[in-house]
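Peer 1: When you get a sec, could you give me coordinates for this:
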Amino acid sequence: MYTHSNQLQVVLPSLKEAGITQRIALGHIYKIQFLNNDLLVICASGGTSLYQINNWQRLWDIDSPAKCGTISHDGTTLALGWGQKIYIWDLRQRQLLRQLQIQTDDDITITCIAISSQGQFLACGDNKSTVRFWNLTSTTETPAIQLSYCEEELEVVSVAITADSKFLAATFIDIGDVIVWEIASATQVKIMAGETDFPSNSVFSSPDDKLIVCGSNGLQIWDMVAQTESKFLDSWHNNAAITSDSRLLAADNQIWELASQRNIVTLPGHPNYIGSIAFSPNSEFLAASSYDRVNILEIPSGKTMTVLETQTNFFIKKVAFSSDGKFLAIVSRNQVQLWNILSGEKIETIVSDMEWVQTVASNSDDYCFVFGSSQISDGNFNQICLWGNRSETYIQIPRNSCPKIIAISPDLKLVAFINSEHHLNLWEIASKQVVKSFFGHINYIQSVVFSSDGKFLASGSDDGTVRLWDIASEKEIKILEVRINCISNVVISNNGKFLIFSSCEQVHLWNMVSQDEVTVLEGHNNPVESLAISPDSQFLASGDRDGIVKLWDTKSAKEIKALAGHTDTVMAIAFSPDSKLIATGSEDGTVRLWQI
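Peer 2: A predicted model of the protein is given here:
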């Protein structure tokens, strides 16, 4: 039984301790799975949500960021990987069961996870050629087995545990090699070298203890018990699916009978490139996606029953059937669509993010944030969304403009954005027209900000300058030159005393009166991509490419605390008007609110 109550969200304890108050948007979706005929789990970079599909109601949400994850075969256990930690959740009770930690000083990131069919064992791969294996029935947090394939630092793309839990397999990026270990002895028992021209392979386990390998060496099935292997296709294949009874195998536009190794169907008229494929639980249907459509085919005839047109203009990443085979969930970039395959009707759509949350600007109680979205609305425009407490407003800006770098004026009348690489435009919200332009930079502009009184703009560029502009006259009034060529962020304090900018891993504070460099804040291990100063000028926040936000005291120039909750680059930060909350926007597709 999966519980649901008035407490909609459960938060990872470390996020609570850091002061998280809210997450906006689910983020980039990487896994979907039906738990039964009524419940669908969506796993994304920002967290995991459970939806009831008959009314498309969200029953609950687990705020636990992750870059990868998996769900046990019985749908009771969720494992999420983030950094060097794996969080094990009980999906039925929404409880954090335990936390697995990789004990190392190296810059290791978990890249993939697999759980055995009975839920007793867990394996993960990292970005440095190492596979780890845990016995989840044991209370120890130390992995039972740690296997390294080579001295090169290669990312592990996929891991798989056979249904009998006797063998562990992994594939590696760049070289495409597939390695199999015997778990009991922790010894390597099989290897398949990848093709250098197409160094890509993936591996998964079938219900009958076989390993299915698809990629640069075609499609192969390895029976580790009988020590046999079967090769079905020689060409490169990126996807495969097997029926629950292990009777049929589908790869791209072909269906095979495994017992006889006979090709029983070649799908007529279907494109060769298939993004994702899945059999229905009763093996009566096959869903095969190509670009932004999904063909539903009858088995074994291969006849097309219906075609689902998602109209997303993006490649479909994943498809999944409900337990009764009546519904299909389709993941395409930033959304999940639920379809009734019998009627061919779309039931509902969940938008998990706005492509990438690129800019957040907090200026009043009416409009709290500005999102710069790379979503194209009609092929000629980018879209900016002003998302407020009581309303949403969408502005279309020319396609050659960059919505990544925007700022909103304190009076909410103007939006500044980069038009081409070297000059600024001011867009009037009321008229939705460009009203002013500023020229002077000779290289890419990386940041723009309004002064608190709305009279000036400051912009930082790869030309090594910070330029101050008078908005009324459209004139350049001051140039601050620095030795560092790349200035990635610029902010001005509310009192007009300090101008702060970032370059690489450092944050610099300038005195606007003397123009002397006040101090350099050091502590980030990755380039700083976003800055913000609190309205009372007491706090400075900086976000980096690793998803870390650091909070600084402007008087002492000391770090107060680090906020870890994003799985990708923090592109934007904003303080609330009372300086008590911080909003952070990330390329993981989420916005998070933190209590200072």
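Peer 1: Just the local confidence number for S374, please.
Peer 2: We have a pLDDT of 39 for S374.
Peer 1: Ok, the one 3 residues further on next?
Peer 2: Taken from the predicted model, the pLDDT recorded for S377 is 39.
Peer 1: And the one 5 residues further on, by the same measure?
Peer 2: Confidence per residue is given as pLDDT, and for N382 that number is 52.
Peer 1: Same question for L122.
Peer 2: For L122, pLDDT reads 94.
Peer 1: What number of residues are in the vicinity of it?
Peer 2: L122 is flanked by 24 other residues according to other Cβ atoms under 10 Å. All C-beta spots, glycine's among them, are computed from the backbone N, C-alpha and C.
Peer 1: Within the helices and strands, which one has it?
Peer 2: strand 121-126 (DSSP states H and E).
Peer 1: Against which helices or strands is that strand packed?
Peer 2: strand 85-90, strand 110-115, strand 130-135, strand 156-161, strand 167-172 (3 or more Cβ pairs under 8 Å, 6 or more residues apart in numbering; DSSP states H and E).
Peer 1: and the next helix or strand after the first one, which strands flank it?
Peer 2: Where DSSP H and E defines the elements, the next helix or strand beyond strand 85-90 is strand 95-101. Under the criterion DSSP bridges, strand 95-101 sits next to strand 85-90 (antiparallel) in its sheet.
Peer 1: Which of the residues in the partner strand are classified as buried?
Peer 2: 86-89 (16 or more other Cβ atoms under 10 Å).
Peer 1: Same list (these) but as JSON lines, adding distance to G119 and pLDDT.
Peer 2: Below are these laid out as JSON lines (distance: Cβ to Cβ, whole Å; pLDDT from 0 to 100):
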{"residue": "I86", "distance to G119": "14", "pLDDT": "94"}
{"residue": "Y87", "distance to G119": "15", "pLDDT": "94"}
{"residue": "I88", "distance to G119": "10", "pLDDT": "94"}
{"residue": "W89", "distance to G119": "12", "pLDDT": "93"}
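Peer 1: Quick check, E476 in contact with W469.
Peer 2: Yes. Using Cβ atoms under 8 Å, E476 is in contact with W469, at 5.8 Å.
Peer 1: Tell me which of those two has more neighbours.
Peer 2: Neighbours per residue (other Cβ under 10 Å) separate E476 from W469, with W469 holding more: 25 against 16.
Peer 1: What strand or helix carries that one?
Peer 2: W469 is part of strand 465-470, with elements assigned from DSSP H and E.
Peer 1: Adjacent strands (with direction) for that strand?
Peer 2: Strand 465-470 pairs in its sheet with strand 456-461 (antiparallel), strand 475-481 (antiparallel), by DSSP bridges.
Peer 1: Among those strands, which comes closest to H566?
Peer 2: Between H566 and the strands paired with strand 465-470, the tightest spacing by Cβ to Cβ is seen for strand 456-461, at 22.7 Å.
Peer 1: if we can go back for a sec, okay, the helices and strands packed on strand 121-126, which one's buried deepest?
Peer 2: Most buried of the helices and strands packed on strand 121-126, by mean neighbour count (mean count of other Cβ atoms under 10 Å): strand 167-172, with a mean of 26.
Peer 1: Just give the nearest non-adjacent residue to C486, would you?
Peer 2: In this structure, C486 finds its nearest non-sequential neighbour in D462, 5.2 Å apart by Cβ to Cβ, 6 or more residues apart in numbering.
Peer 1: Likewise for W510?
Peer 2: W510's closest residue in space is L499 (Cβ to Cβ, 6+ apart), at 4.5 Å.
Peer 1: I'd like to know how many residues surround S64.
Peer 2: 23.
Peer 1: Okay, now the unreliable bits of the stretch 301-450 of the chain?
Peer 2: By pLDDT under 70, the weakly predicted segments of the stretch 301-450 of the chain are 313, 333, 351-405, 419-421.
Peer 1: now the strands: where do they sit in it?
Peer 2: 304-309, 318-321, 327-332, 335-340, 345-351, 367-376, 381-388, 392-398, 401-408, 414-419, 423-428, 433-438, 445-450 (DSSP state E, counting those that start in this stretch).
Peer 1: so how far is stretch 304-315 from its chain's centroid?
Peer 2: 23 Å (Cα atoms, centre = their mean, to the nearest Å).
Peer 1: swap that for stretch 552-568, please
Peer 2: 23 Å.
Peer 1: Quick one: end-to-end length of it, please.
Peer 2: 21 Å (Cα to Cα, to the nearest Å).
Peer 1: do the same with stretch 325-343
Peer 2: Start to finish, the residues bounding stretch 325-343 are 13 Å apart (Cα to Cα).
Peer 1: Next, the buried residues of it.
Peer 2: The neighbour-count check on stretch 325-343 (16+ other Cβ under 10 Å) flags 325-339, 341 as buried.
Peer 1: Please enumerate the shared neighbours of E476 and W469.
Peer 2: F438 (Cβ atoms under 8 Å, 6 or more residues apart in numbering).
Peer 1: related to what we said a few turns ago, the strand holding L122 pairs with which strands, parallel or anti?
Peer 2: Partners of strand 121-126, by DSSP bridges, with direction: strand 110-115 (antiparallel), strand 130-135 (antiparallel).
Peer 1: Now render these as a markdown table, adding mean pLDDT.
Peer 2: Shown next, in a markdown table, are those (pLDDT from 0 to 100):
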| stretch | mean pLDDT |
| --- | --- |
| strand 110-115 | 94 |
| strand 130-135 | 92 |
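Peer 1: Serialize those to JSON lines and add fields for distance to A79.
Peer 2: Formatted as JSON lines, those follow (distance: least, Cβ to Cβ, whole Å):
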{"stretch": "strand 110-115", "distance to A79": "5"}
{"stretch": "strand 130-135", "distance to A79": "10"}
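Peer 1: what about the ones you listed, which gets the closest to K413?
Peer 2: Using Cβ to Cβ, the nearest of those to K413 is strand 110-115, at 45.9 Å.
Peer 1: now that closest one and strand 167-172, what's the angle there?
Peer 2: Calculated by axes from the mean of the first three to the mean of the last three Cα atoms, to 10 degrees, strand 110-115 forms an angle of 150 degrees with strand 167-172.
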